[in-house]
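Asker: Coordinates only, no sequence provided:
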């Protein structure tokens, strides 16, 4: 069983607001942010398929409101007292307000003089004194480990490993809702949401959601939106709202699952993907032009052999060498240049269960590779790259032909290759191999007042997507020039630092 000790020290996610609330001795439970993180944790516990028992400890300033009390179902949650200054008085108030019997207590403590004064203690008094005859049982007697503390000091994998070991030893895991999403530099805690989510085995629909700040709003999207059907459910949107997301954006995969009757509040923008419909390999071969077929034959006549390869140390080293062949590719700086072998290996294994790697070889040397990623009713060319010094051997044509053959053999009907319209020479290569611009719709769902203001003002869109194509094409050489010079400066600084 997972045993959680949850010390609810402060009423709001904002530390400043909480300090003011406590300093003014306010005990009114109001506001949409009141115990917001505690509600999120309670919902996670209730949704968990695992055995969980949560011991919640509340101060006089964090007494649960009706919304949180409804979530604290007795078979998974027990309410306890987090003593601030007066154990007996606070105990009776907590039982009266919650109508729950309180059996356990913990003690709120702080080393900071400023915080001690805010809580109404004497200077230097880190915590309240508990009378010897106090009838509640202390949870401090149980073996307890702090998840928010170890998450501050360690990465996700190490923190999860340590937490799983605590569970196996029947230890209590301690957390503070304040640090669910935030990192506290002074307190050296958090953010522990990612580990808690995995321990409880919940919020799987949020696993690939990425949130970034765009101006004054937080915008979220699914990093795997091209691979899977949109999960624009009310439950998902509510969870994003609880995490202070202002706008959620996703695309409509019209080739397989169009969205019927989308709500009028969703903002639409046009987007596209390069898409190839595959019926069989022979049909694709006959549909492409003679010049493209000759390029594939040229690779074969040059001794290039393309085959399915396993993601192992040999492949990782070959990809690493390709990445680090040159800092400039097709005009702009190459983003993978300088990447370490360890990083290449990690990225290679990230999606190996849902992908196929194809390698182009000259004798025994890997001179090019392609990664095909499989999603729901779609195969996606994730990467296609070859050695520049062998470009005269039409390596990418051979790799793409093999990709179509592999997808056809697996019964994949659709093969996607990025967008069309952002890179003239690459667009021409895609079109010559049968890919066509497929128009899709991108939706923006405002989740907050700030989000609605942003979409009304047009601030939700990326500049490159808002500009007309007539302006984008002339700007490509300038963009390439800027990226090349930034790379040259980066390399120059790196050389000077090692000299």
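Answerer: Now that the structure is in, tell me what you want to look at. These figures come from a predicted structure and were not determined experimentally.
Asker: Go ahead and name everything in contact with stretch 311-330.
Answerer: With contacts defined as CB atoms under 8 Å, 6 or more residues apart in numbering, stretch 311-330 is touched by 309, 333-334, 336-341, 344-345, 348-349, 352, 357, 359, 365-369, 385-389, 423, 425-426, 484, 487-488, 491. For the C-beta atoms, the positions are set from N, CA and C on the backbone; glycine is no exception.
Asker: And those, which of them are buried?
Answerer: 309, 333-334, 336-337, 344-345, 348, 357, 359, 366-369, 385-387, 423, 426, 484, 487 (16 or more other CB atoms under 10 Å).
Asker: The residue nearest the centre of the chain pairs with what?
Answerer: In the chain, the residue lying closest to the centroid (CA atoms, centre = their mean) is residue 210, at 3.9 Å. Residue 210 forms beta bridges with residue 221, as assigned by DSSP bridges.
Asker: That one and residue 452, how far apart?
Answerer: Separation of residue 210 from residue 452 (CB to CB, to the nearest Å): 22 Å.
Asker: Could you do residue 242 as well?
Answerer: 17 Å.
Asker: Repeat that for residue 236.
Answerer: 18 Å.
Asker: residue boundaries of the helices in the stretch 251-400 of the chain?
Answerer: 281-287, 290-301, 313-323, 341-350, 395-409 (DSSP state H, counting those that start in this stretch).
Asker: buried set for the third one?
Answerer: Applying a neighbour-count criterion of 16+ other CB under 10 Å, the buried positions in helix 313-323 are 315-316, 318-320, 322-323.
Asker: Nearest to residue 189 among those residues?
Answerer: residue 316 (35.9 Å; CB to CB).
Asker: can you list the domains in this structure?
Answerer: Following automatic domain parsing, one gets these domains for the chain: 2-202, 210-271+441-470, 279-412, 471-499.
Asker: Could you list the low-confidence segments of the stretch 201-350 of the chain?
Answerer: Scanning the stretch 201-350 of the chain for pLDDT under 70 picks out the ranges 231-232, 331.
Asker: please redo it, this time with the cut-off set to 90
Answerer: Of all residues in the stretch 201-350 of the chain, those with pLDDT under 90 make up the ranges 204-209, 213-215, 223, 228-235, 242-244, 253-265, 269-271, 326-339, 346-350.
Asker: my guess is residue 359 contacts residue 307, does it?
Answerer: Yes - using CB atoms under 8 Å, residue 359 makes contact with residue 307 at a distance of 6.2 Å.
Asker: How about residue 281, nearest residue that isn't a chain neighbour?
Answerer: residue 408 (4.4 Å; CB to CB, 6 or more residues apart in numbering).
Asker: how close does the one you found sit to residue 1?
Answerer: Taking CB to CB, one finds residue 408 at 50 Å from residue 1.
Asker: Tell me which of those two has more neighbours.
Answerer: residue 408 (18 against 8; other CB atoms under 10 Å).
Asker: OK, contacts around residue 271?
Answerer: So residue 271 contacts 251, 419, 439-442, 465 (CB under 8 Å, 6+ apart).
Asker: can I get those residues in CSV with secondary structure, neighbour count and distance to residue 175?
Answerer: Shown next, in CSV, are the contacts of residue 271 (DSSP: H, G, I helix; E, B strand; the rest coil; neighbours: other CB atoms under 10 Å; distance: CB to CB, whole Å):
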residue, secondary structure, neighbour count, distance to residue 175
251, strand, 19, 36
419, coil, 17, 42
439, strand, 10, 47
440, strand, 18, 41
441, strand, 17, 41
442, strand, 20, 37
465, helix, 12, 40
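Asker: any idea which of these is closest to residue 263?
Answerer: residue 441 (13.3 Å).
Asker: and the closest one, how far is that from residue 272?
Answerer: In terms of CB to CB, residue 441 sits 10 Å off from residue 272.
Asker: cool, and residue 97?
Answerer: Applying CB to CB to residue 97 and residue 272 gives a distance of 57 Å.
Asker: what's the residue lying farthest from the centre of the chain sitting at in phi/psi?
Answerer: Ranked by distance from the centre of the chain (CA atoms, centre = their mean), the top residue is residue 133, with 49.3 Å. Backbone geometry at residue 133, expressed as degrees, to the nearest 10, gives phi -100, psi 10.
Asker: Tell me which residues touch it, please.
Answerer: If you count contacts by CB under 8 Å, 6+ apart, then residue 133 has nothing around it.
Asker: go on, residue 452?
Answerer: residue 446.
Asker: Look up which helix or strand it falls in, please.
Answerer: helix 449-456 (DSSP states H and E).
Asker: Likewise for residue 198?
Answerer: Here residue 198 is assigned to helix 193-200, by DSSP H and E.
Asker: centre of the chain versus that helix, how much separation?
Answerer: Between the centre of helix 193-200 and the centre of its chain there are 13 Å (CA atoms, centre = their mean, to the nearest Å).
Asker: And it, what does it pack against?
Answerer: Contacts defined by 3 or more CB pairs under 8 Å, 6 or more residues apart in numbering; DSSP states H and E place helix 193-200 against helix 36-47, helix 147-153, helix 156-168.
Asker: got those as a markdown table, with mean neighbour count and mean pLDDT columns?
Answerer: Compiled in a markdown table, the helices and strands packed on helix 193-200 are given as follows (neighbours: other CB atoms under 10 Å; pLDDT from 0 to 100):
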| stretch | mean neighbour count | mean pLDDT |
| --- | --- | --- |
| helix 36-47 | 21 | 96 |
| helix 147-153 | 21 | 95 |
| helix 156-168 | 15 | 95 |
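Asker: can you tell which of those helices is closest to residue 446?
Answerer: helix 36-47 (19.5 Å).
Asker: ok and the helix or strand following the closest one relative to helix 36-47, angle-wise?
Answerer: The helix or strand immediately downstream of helix 36-47 is strand 52-58, counting by DSSP H and E. Angle, strand 52-58 to helix 36-47, by axes from the mean of the first three to the mean of the last three CA atoms, to 10 degrees: 160 degrees.
Asker: List the buried residues for strand 52-58?
Answerer: 52, 54-58.
Asker: how about the residues you listed in a markdown table, adding pLDDT and distance to residue 381?
Answerer: As requested, the buried residues of strand 52-58 are exported to a markdown table (pLDDT from 0 to 100; distance: CB to CB, whole Å):
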| residue | pLDDT | distance to residue 381 |
| --- | --- | --- |
| 52 | 97 | 42 |
| 54 | 97 | 46 |
| 55 | 97 | 51 |
| 56 | 97 | 49 |
| 57 | 97 | 52 |
| 58 | 96 | 53 |
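Asker: and of those residues, the nearest to residue 200?
Answerer: residue 52 (6.7 Å).
Asker: Could you export the helices and strands packed on helix 193-200 as TSV, including distance to residue 246?
Answerer: Formatted as TSV, these follow (distance: least, CB to CB, whole Å):
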stretch	distance to residue 246
helix 36-47	15
helix 147-153	26
helix 156-168	26
